[in-house]
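J.: generate coordinates for the sequence data below:
(one chain, ligands or ions: 1)
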Amino acid sequence: MGGGARQGRARQASPHMLTVRAEPDGAGRERPVPEAGQRLTHEVVNQVPPLAGYDVASDPPLLEALQREGAGWAIPQVRELGRLAGLAQTQEQARLANQNPPLLRTHDRCGHRIDEVEFHPAWHRLMATAVSNGLHAAPWTEPPAAGAHLARAAGFYVWTQAEAGHGCPISMTYASVPALRRAPDLAAVFEPLLGARAYDPGLRAPEQKSGLLAGMAMTEKQGGSDVRANTTAAAPAGDGSYLVTGHKWFCSAPMCDLFLLLAQGPAGLSCFLLPRVLPDGTRNAMRLQRLKDKLGNRSNASAEVEYDAARAWPVGEPGRGTATIIEMVSATRLDCVLGSAAQIRQACVAAVHHAAFRSAFGRYLIDQPLMAGVLADLTIESEAATSLAMRLAAASDRAARGDTAEAALLRVALPAAKFWVCKRAPAVTAEALECLGGNGYVEESGLPRLYRDAPLNSIWEGSGNVTALDVIRALRRSPEALDALLTETDRAADGGRRLDQAVALLRSELKKAAAATEAAAHYRARRLAGLMTVVLQAALLVRHAPAAVSDAFCAARLDPAAGGDAAGALGPAVPFGGLPDGIDLAAVLTRSQSVVPSR
Ligand SMILES: Cc1cc2nc3c(=O)[nH]c(=O)nc-3n(C[C@H](O)[C@H](O)[C@H](O)COP(=O)(O)OP(=O)(O)OC[C@H]3O[C@@H](n4cnc5c(N)ncnc54)[C@H](O)[C@@H]3O)c2cc1C
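T.: Numbers count the residues shown, from 1 in each chain. Now for the predicted structure:
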């Protein structure tokens, strides 16, 4: 009470409540001038206007990729979503959804188990927008138009910049469909509902809902990478269904309607579809034990669950659970790359916007040579990540329409990109955050949330080492994947000395990996996955980006003199902002300044 009263008096007496005149200063800014007898404790100048009310999809590499890769028809929709993502109201929904994390309600007031998670209304609004825009399934439901997966990928990339946490159930629902199709009877019932553009939250029998969402339950306490060690058991119930008993250690978005789950059946590790609510309307025996207290991803719920003879139905060949669910894993890996590329873009744009309005030592930060170098470095990293993410989305589109060469490219390039692009996101976010100085470290800037979220894509759906090892597996088991990779890099042949040398280096590293013992190949897996990704990025930029961008990327990332890979250490010697001489900084920066309003 006392403090409030003191605050009240202080506020009344505050000089800020007084009317003051404003006069222009030397830099053309209005500065308040106190009247005689008035006091100003401080004046607010040189603070940056919020980056709001802009089109997130005003993103040259994104729009050019859509046009180039056959989804130009989707640009108006993507831009509409971009405008929605950039609204101040959407930013507020994102803040609310993260400031008010989900709450677990295990029991009702009478002590009955209910196992429900309560979300803030802002979460539901974000989900409703994602679902109504088809980000959770559009390519599976519409007639298979060329570019449908790419269009959806672009929408996901744009909308996840509004708020990343709710992308989890959206991605898992999208990814569940190819795996579910291994059980045609189940797919016939549930696929239309998974594809419906109706967000219908709440626990009810799936068949009675207007739209469904799906999750994934693989990871157990004793291990997530090595799912063969799963102990959860599935026993035949005698009517075609199974009774599942055991636990899962991470089960995100537990309010989803359906889960693809791995459990040990009579034939070994198998995949099952487990609904939260049974067809008769009773709740399936899936108990939510507690929610994880996570570093980031705080708007989303991730639960520890137990199954007490929960009913599930088999999906795919019994005993081939990993092979079945890998279809889902592969699609979510693409979303990890898209999500990290989106975080990189978002962080980069926030830094460029801030530097365009903030001045120090008499000049705007963006005009300070060293800061311009940092921002240009972030910009080329962002353009490389976006271009590769969109190229992979286009490959998944063509693979879905039967293009085996594109499927082979995905087999090796997707785990490599998942390893590298997701690893770059935390580094970029940290650097971008610092471009805002102390303001970047403060929650209201939005950067801390981005920073906390940044490491996640690298952990789930195969942590860094696991995806790097998957690259080795792909190379050793699928000669067509290697061919597809080299065909892709050859498309940029004669793209300049640095790229040609880097492609030659990649070829020799690939040969070494093929001839190496398994242990030696595994030991070098990260290096190879990183090299492969950077070369793929450089090849794409050389073919499609403005020369200023591709020159800067090749000089900074491929040239041994700049600390690039040929010296054996991937990436520039200085984390960011150590670009070599001769870069056209102004031309590079136009790519990330597209959303920055004029001063
Ligand atoms: C926020 C969040 C949400 C999640 N949601 C879900 C979900 O919905 N469903 C689900 O099933 N899981 C989920 N997970 C779990 C996630 O997929 C696992 O954490 C991940 O697969 C790693 O498994 P693990 O945690 O058991 O680590 P481990 O498997 O113990 O791995 C630990 C480390 O060892 C490395 N490693 C493993 N094998 C090797 C090897 N052979 N050589 C070298 N290094 C190796 C890994 O790369 C990792 O860095 C979620 C995780 C998080 C953080």
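J.: residue 202 belongs to a strand?
T.: No - per DSSP: H, G, I helix; E, B strand; the rest coil, residue 202 lies outside any strand segment and is coil.
J.: okay, the residue of the stretch 151-300 of the chain found nearest the ligand: pLDDT?
T.: Proximity of the stretch 151-300 of the chain to the ligand (CB to the nearest ligand atom) peaks at residue 224, 2.4 Å away. For every residue, glycine as well, the C-beta is placed using N, CA and C. For residue 224, the model assigns a pLDDT of 93.
J.: list the contacts for it?
T.: Applying CB atoms under 8 Å, 6 or more residues apart in numbering, we find residue 224 in contact with 218, 249, 250.
J.: would JSON lines of these with pLDDT be doable?
T.: Below are the contacts of residue 224 laid out as JSON lines (pLDDT from 0 to 100):
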{"residue": "218", "pLDDT": "97"}
{"residue": "249", "pLDDT": "98"}
{"residue": "250", "pLDDT": "98"}
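J.: so which of these are in helices?
T.: Of those, none are assigned to helices by DSSP state H.
J.: which of the residues you listed come close to the ligand?
T.: Cross-checking those against the ligand (CB under 6 Å from any ligand atom) gives 218, 250 as the overlapping residues.
J.: tell me the buried residues in the longest helix that the chain contains?
T.: Counting residues, the longest helix found in the chain (DSSP H) is helix 321-357. In terms of neighbour count (16 or more other CB atoms under 10 Å), helix 321-357 has its buried residues at 321-322, 324-357.
J.: mind checking what helix or strand follows it in sequence?
T.: Next helix or strand after helix 321-357 toward the C-terminus (DSSP states H and E): strand 359-360.
J.: strand partners of that next one, parallel vs antiparallel please.
T.: Partner strands and pairing direction for strand 359-360 (DSSP bridges) are strand 363-364 (antiparallel).
J.: contacts for the strand it pairs with, please.
T.: 355, 356, 357, 358, 599.
J.: and which of those is nearest to the ligand?
T.: Distance to the ligand across those (CB to the nearest ligand atom) is lowest for residue 355, with 31.9 Å.
J.: OK, contacts around the closest one?
T.: Contact analysis of residue 355 by CB under 8 Å, 6+ apart lists 364, 365, 366, 371, 375, 435.
J.: top of the contacts of residue 224 by neighbour count?
T.: The most crowded member of these is residue 218, carrying 28 neighbours; neighbours defined as other CB atoms under 10 Å.
J.: pLDDT value on residue 596, please?
T.: 88.
J.: then residue 545?
T.: 98.
J.: contacts only, for it.
T.: By CB under 8 Å, 6+ apart, the contact list for residue 545 reads 61, 383, 387, 553.
J.: any regions of the stretch 301-450 of the chain where pLDDT drops low?
T.: The model of the stretch 301-450 of the chain has no residue with pLDDT under 70.
J.: now residue 47: which helix or strand?
T.: Using DSSP H and E, residue 47 is not contained in any helix or strand.
J.: so the spatially most central residue of the chain versus residue 428, what's the distance?
T.: The centroid of the chain falls nearest to residue 339 when counting by CA atoms, centre = their mean (1.5 Å). Distance, residue 339 to residue 428, by CB to CB, to the nearest Å: 13 Å.
J.: drop anything exposed from the contacts of residue 355.
T.: Of those, these count as buried by 16+ other CB under 10 Å: 365, 366, 371, 375, 435.
J.: surely the fourth one and residue 435 touch.
T.: Yes - look at residue 375 against residue 435 with CB atoms under 8 Å: they come within range, at 7.0 Å.
J.: now for those two: what residues contact both?
T.: With CB under 8 Å, 6+ apart as the test, residue 375 and residue 435 both reach 351, 355.
J.: list the contacts of the closest residue to residue 324 other than its chain neighbours.
T.: Of all residues not flanking residue 324 in the chain, residue 316 sits nearest, at 3.2 Å (CB to CB, 6 or more residues apart in numbering). Contact partners of residue 316, counting by CB under 8 Å, 6+ apart, are 179, 182, 183, 270, 271, 323, 324.
J.: farthest-apart pair in those, please.
T.: 183 and 323 (13.7 Å; CB to CB).
J.: remind me which helix or strand residue 272 belongs to.
T.: Here residue 272 is assigned to strand 268-275, by DSSP H and E.
J.: what does the stretch 401-550 of the chain put close to the ligand?
T.: Counting by CB under 6 Å from any ligand atom, the stretch 401-550 of the chain sits next to the ligand at 456, 459, 460, 463, 464, 465, 466, 469.
J.: in helices, which of the residues you listed appear?
T.: 456, 459, 464, 465, 466, 469.
J.: and the ligand, which of the contacts of strand 363-364 reach it?
T.: Near the ligand, by the rule CB under 6 Å from any ligand atom, you find none of the contacts of strand 363-364.
J.: low-scoring pLDDT stretches of this structure, where are they?
T.: Scanning the chain for pLDDT under 70 picks out 1-34, 142, 561-573.
J.: how about 80 then?
T.: Along the chain, segments meeting pLDDT under 80 span 1-40, 142-144, 560-575.
J.: list the buried residues in whichever strand in it runs longest.
T.: What stands out as the longest strand in the chain, according to DSSP state E, is strand 302-315. Within strand 302-315, the residues that qualify as buried are 302, 303, 304, 305, 306, 307, 310, 311, 312, 314, 315, counting by 16+ other CB under 10 Å.
J.: dihedrals phi and psi, residue 542?
T.: Main-chain dihedrals, residue 542, degrees, to the nearest 10: phi -60, psi -40.
J.: so what's it closest to, chain neighbours aside?
T.: In space, residue 542 is closest to residue 495, 3.6 Å off (CB to CB, 6+ apart).
J.: can you get me a residue count around the one you found?
T.: Using other CB under 10 Å, residue 495 has 19 neighbouring residues.
J.: ok, it - contacts?
T.: The neighbourhood of residue 495, defined by CB under 8 Å, 6+ apart, consists of 538, 539, 542, 543, 550.
J.: nearest to residue 408 among the residues you listed?
T.: residue 539 (16.7 Å).
J.: wait, isn't the closest one in contact with residue 486?
T.: No - in this structure, residue 539 is not within contact of residue 486 by CB under 8 Å, at 10.7 Å.
J.: quick one: which of the two has more around it?
T.: residue 539 (26 against 14).
J.: contacts only, for that one.
T.: Contact analysis of residue 539 by CB under 8 Å, 6+ apart lists 488, 489, 491, 492, 495, 499, 503.
J.: check which residues of the helix or strand that contains residue 586 are buried.
T.: Using DSSP H and E, residue 586 maps to helix 585-589. Buried positions in helix 585-589, judged by neighbour count with 16+ other CB under 10 Å: 585, 588, 589.
J.: which residues are in contact with that helix?
T.: Contacts of helix 585-589 (CB under 8 Å, 6+ apart): 352, 366, 372, 373, 375, 376, 379, 380, 546, 548, 549, 552.
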